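Asks: take a look and give me a structure for this.
(one chain, ligands or ions: 1)
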Amino acid sequence: MSNNRKEIDRRRTFGIISHPDAGKTTLTEKLLLYGGAIQQAGAVKARKAERYATSDWMAIEKERGISVTTSVMKFNYHDFEINLLDTPGHQDFSEDTYRVLTAVDSALMVIDSAKGVEPQTEKLMEVCRMRNTPIITFINKLDREGMMPLDILDDIEDKLQIECTPLSWPIGSGKRFRGVYNLYKKELHLFIPGQETSSRKGLVINDLSDSTLDEILGFQADELREDIELIEGAAEPFELDHYLSGSQTPVFFGSAINNFGVKEMLDALIEMAPPPGPRAAVTREVSPYEETFSGFAFKIQANMNLAHRDRIAFIRICSGKFTRGMKAVHHRIGKDVTFSNATIFMANERENVAEAYPGDIIGIHNHGTIKIGDTFSEKEPLQFRGIPNFAPEFFKKVILKNPMRTKHLQKGLTQLAEEGVVQVFRPVVRNEYILGAVGRLQFDITMHRLKSEYGVDAVYESVDYNVARWIECDDPAKLEDFENKNITDIARDAEGSRAYLTTSEWQLGYQMKQWPEIEFYKTREINDNERSRISLR
Ligand code: G4P
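Replies: This is a model prediction of the structure:
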């Protein structure tokens, strides 16, 4: 076994899932403050603003006041090395947002106490469910009037199909918010509006009938007692195994902007959240403790610096140890690559990395040789699984203005598809390019980049598609039959996989009934010729 074990076990790599405005940026900032990674609140937002200036197409972000890039932030907390993978939080999110969750070991779900579960959280949760990612929940904005805590838990259980187990419990909310009672540490944390309370120690109250509680909370002491009695009867007790298998989520209440309840949640996260675990490759499972290095690319970010036309591939290390200057095999192209210049993303800066361990994310500069899903390893050929394309929900046809640029369009779309910017479908009976995306913003970025990087002047035309599924069947004759009968709606994606495009979920449901032998997949494994889909239907 590897002597890297200590380094691996002290790593926590997680992402935050939330709907826009739930408080993800604010919470991230507080987490980074605890890690000493930033000196003052506001730095994350400021950094986002600064980043806008770094590239041309990111002007789109600036124009629309959003962030489309996914960043990685590394910080230390106590003895732990934390990698926080940021998921862009706008309505128009992209596949990147989904895919970043394939590189984490756990997730933190932020919910606005006034809104409960919102649509984007539901979508991100679907992705977590594919790998049974353990999830800790933070219910935010308790300083405002919101839903009743029990109603929020019901909403989560109902919409997200995950068992909730509160580990802290709020005392009132809005103007009557007095703090939280930490159920597993049996500590009372008082909230004082406008005051930084995070550095104070909680008051240990083992027995809730203790009269100190009445002295501090007045009539709200009895409210708390009743609430706790109720939840102790109603909610399932916390079981680490259930959390780790993704079937139960421990819940914390607080207020990110007031830095209240954040530290308790972070303390629980480092204690409970799993360190980097084994990863499935096509041939076998890879343990993080193996001696030799392996990792996969889950995100490509282009034009970090327009002057150099560079791209950074974000690589999640899965086993062994990375050292500067090491060699690994780039299996898709069958070549050795030397990692002479890898970047590690600290919260406030980028550093040249000398060594890194499983769970860490490193950035490798390249000029288009790395695509999403590529695996690198020192020894045997490996192909990690679980890095998917997600069925697009928006579609557009590309119309080239100048037919002489067909080759450039082709090249541009191929590369942008490899980077995961957009998905490209070619109908089998029409010479067309249909682009598919999970968020509309991907179209703007694609067009912008086609023009600025490939000199392609094109426009979009709408198409009557709203749903896509990859199709397969054990019986090739059946598949052919299905394709022939629906030939105008059959396409091939950028990797030649068969897809069926259609107008509505209803129409899809109808086809699924008519053709029970055909498998309709919502995700498709990138670079995987084997049949190893990770989710059905
Ligand atoms: P996001 O990244 O999930 O989109 O959310 P973000 O942190 O930007 O927070 C969205 C809004 O909610 C912000 O207000 C933020 O200040 C506020 N907020 C975050 N946490 C809390 C909390 O615990 N209590 C209350 N009352 N508000 C909170 P904004 O007005 O949109 O932006 P700003 O002007 O404050 O930056």
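
Asks: how about the residues of the protein near the ligand?
Replies: Contacts of the chain with the ligand, taken as Cβ under 6 Å from any ligand atom, map to 18, 20-26, 89, 140-141, 143-144, 255-258. Any C-beta I mention is one placed from the backbone N, CA and C, and that applies to glycine too.

Asks: narrow those to those that are buried.
Replies: Neighbour-count burial within those applies to 18, 20, 22-26, 89, 140-141, 143, 255-258; the criterion is 16 or more other Cβ atoms under 10 Å.

Asks: contacting residues for the most centrally placed residue in the chain?
Replies: Most central in the chain under Cα atoms, centre = their mean is Leu101, positioned 3.2 Å from the mean C-alpha point. By Cβ atoms under 8 Å, 6 or more residues apart in numbering, the contact list for Leu101 reads Gly15, Ile17, Thr87, Ala107, Leu124, Val127, Cys128, Arg131, Thr133.

Asks: ok, the last one to the ligand distance?
Replies: Same thing as Thr133. From Thr133 across to the ligand, the span is 19 Å (Cβ to the nearest ligand atom, to the nearest Å).

Asks: for that residue, list the residues it contacts.
Replies: Leu101, Val104, Asp105, Ser106, Ala107, Gly246.

Asks: turn the residues you listed into a markdown table, columns for secondary structure.
Replies: Shown next, in a markdown table, are these (DSSP: H, G, I helix; E, B strand; the rest coil):
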| residue | secondary structure |
| --- | --- |
| Leu101 | helix |
| Val104 | coil |
| Asp105 | coil |
| Ser106 | strand |
| Ala107 | strand |
| Gly246 | coil |
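
Asks: let me know the pLDDT of the closest residue to Glu187 other than its chain neighbours.
Replies: Spatial nearest neighbour of Glu187, excluding adjacent residues (Cβ to Cβ, 6 or more residues apart in numbering): Gly202 at 3.1 Å. You'll see Gly202 listed with a pLDDT of 73.

Asks: ok, Gly202 - contacts?
Replies: Taking Cβ under 8 Å, 6+ apart as the test, what Gly202 contacts is Asn182, Lys185, Glu187, Leu188, His189, Glu264.

Asks: now do the contacts for the second one.
Replies: This points to Lys185. Counting by Cβ under 8 Å, 6+ apart, Lys185 makes contact with Gly202, Val204, Glu264.

Asks: go again with 7 Å.
Replies: Taking Cβ atoms under 7 Å, 6 or more residues apart in numbering as the criterion, Lys185 is in contact with Gly202.

Asks: so it belongs to a helix, correct?
Replies: No. Counting by three-state DSSP, Lys185 falls outside a helix, being coil.

Asks: next up, phi/psi of it, please.
Replies: The phi and psi values for Lys185, taken as degrees, to the nearest 10, are phi -100, psi -10.

Asks: for the ligand, see how far away the residue nearest to Glu187 is.
Replies: Gly202 is 19 Å from the ligand, by Cβ to the nearest ligand atom.

Asks: what is the subsequent helix or strand relative to the host helix or strand of Cys318?
Replies: Under the criterion of DSSP states H and E, Cys318 resides in strand 311-319. Going down the chain from strand 311-319, the next helix or strand is strand 322-323, by DSSP H and E.

Asks: can you pull the poorly scored residue ranges out of the stretch 151-300 of the chain?
Replies: Scanning the stretch 151-300 of the chain for pLDDT under 70 picks out 195-200.

Asks: repeat that for 90
Replies: 173, 175, 183-218, 230-236, 299-300 (pLDDT under 90).

Asks: now do the helices in it.
Replies: Using DSSP state H, counting those that start in this stretch, the helices of the stretch 151-300 of the chain run over residues 211-217, 220-234, 240-244, 262-272.

Asks: using CSV, lay out those together with mean neighbour count.
Replies: Shown next, in CSV, are those (neighbours: other Cβ atoms under 10 Å):
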stretch, mean neighbour count
helix 211-217, 14
helix 220-234, 14
helix 240-244, 16
helix 262-272, 20
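
Asks: same list (those helices) but as JSON lines, adding distance to Leu31.
Replies: Below are these laid out as JSON lines (distance: least, Cβ to Cβ, whole Å):
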{"stretch": "helix 211-217", "distance to Leu31": "28"}
{"stretch": "helix 220-234", "distance to Leu31": "26"}
{"stretch": "helix 240-244", "distance to Leu31": "19"}
{"stretch": "helix 262-272", "distance to Leu31": "6"}
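
Asks: compare these and give me the one nearest Tyr521.
Replies: helix 240-244 (27.2 Å; Cβ to Cβ).

Asks: what residues does the closest one touch?
Replies: Pro134, Glu163, Gln248, Thr249, Pro250, Met272, Pro274.

Asks: just how off-centre is that helix within its chain?
Replies: 20 Å (Cα atoms, centre = their mean, to the nearest Å).

Asks: let's see that helix as PDB, backbone CA atoms only.
Replies: Taking Å, rounded to 0.1, in the frame of the first residue of the first chain, the C-alpha atoms of helix 240-244 are listed here in PDB:
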ATOM      1  CA  LEU A 240     -22.900   7.600   8.500                       C
ATOM      2  CA  ASP A 241     -23.400   4.700   6.100                       C
ATOM      3  CA  HIS A 242     -26.600   6.000   4.800                       C
ATOM      4  CA  TYR A 243     -25.000   9.400   4.200                       C
ATOM      5  CA  LEU A 244     -22.000   7.900   2.500                       C
END
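
Asks: let's see stretch 419-433 as PDB, backbone CA atoms only.
Replies: Only the C-alpha atoms of stretch 419-433 are listed here, as PDB (Å, rounded to 0.1, in the frame of the first residue of the first chain):
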ATOM      1  CA  GLU A 419     -14.100  20.600 -25.100                       C
ATOM      2  CA  GLY A 420     -17.700  20.000 -24.100                       C
ATOM      3  CA  VAL A 421     -18.800  23.500 -25.100                       C
ATOM      4  CA  VAL A 422     -21.700  22.200 -27.100                       C
ATOM      5  CA  GLN A 423     -22.900  18.900 -28.600                       C
ATOM      6  CA  VAL A 424     -23.100  18.400 -32.300                       C
ATOM      7  CA  PHE A 425     -25.600  16.100 -34.100                       C
ATOM      8  CA  ARG A 426     -25.600  15.300 -37.800                       C
ATOM      9  CA  PRO A 427     -29.000  14.000 -39.000                       C
ATOM     10  CA  VAL A 428     -28.400  10.900 -41.100                       C
ATOM     11  CA  VAL A 429     -30.600  12.100 -44.000                       C
ATOM     12  CA  ARG A 430     -29.700  15.800 -44.100                       C
ATOM     13  CA  ASN A 431     -26.500  17.600 -44.400                       C
ATOM     14  CA  GLU A 432     -27.000  19.700 -41.400                       C
ATOM     15  CA  TYR A 433     -25.400  20.600 -38.100                       C
END
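
Asks: if we can go back for a sec, can you flag which of the residues of the chain next to the ligand belong to helices?
Replies: Counting by DSSP state H, the part of the residues of the chain next to the ligand found in helices is Lys24, Thr25, Thr26.

Asks: just put the residues you listed in CSV and tack on distance to Lys327 and pLDDT.
Replies: Output for these, formatted as CSV (distance: Cβ to Cβ, whole Å; pLDDT from 0 to 100):
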residue, distance to Lys327, pLDDT
Lys24, 38, 90
Thr25, 39, 86
Thr26, 42, 89
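
Asks: so what's the spatially closest residue to Ile434 that is not a sequence neighbour up against?
Replies: Excluding its sequence neighbours, the residue lying closest to Ile434 (Cβ to Cβ, 6+ apart) is Phe425, at 4.5 Å. Going by Cβ under 7 Å, 6+ apart, Phe425 touches Ile434, Gly436, Ala491, Arg492, Asp493, Ala499, Leu501.
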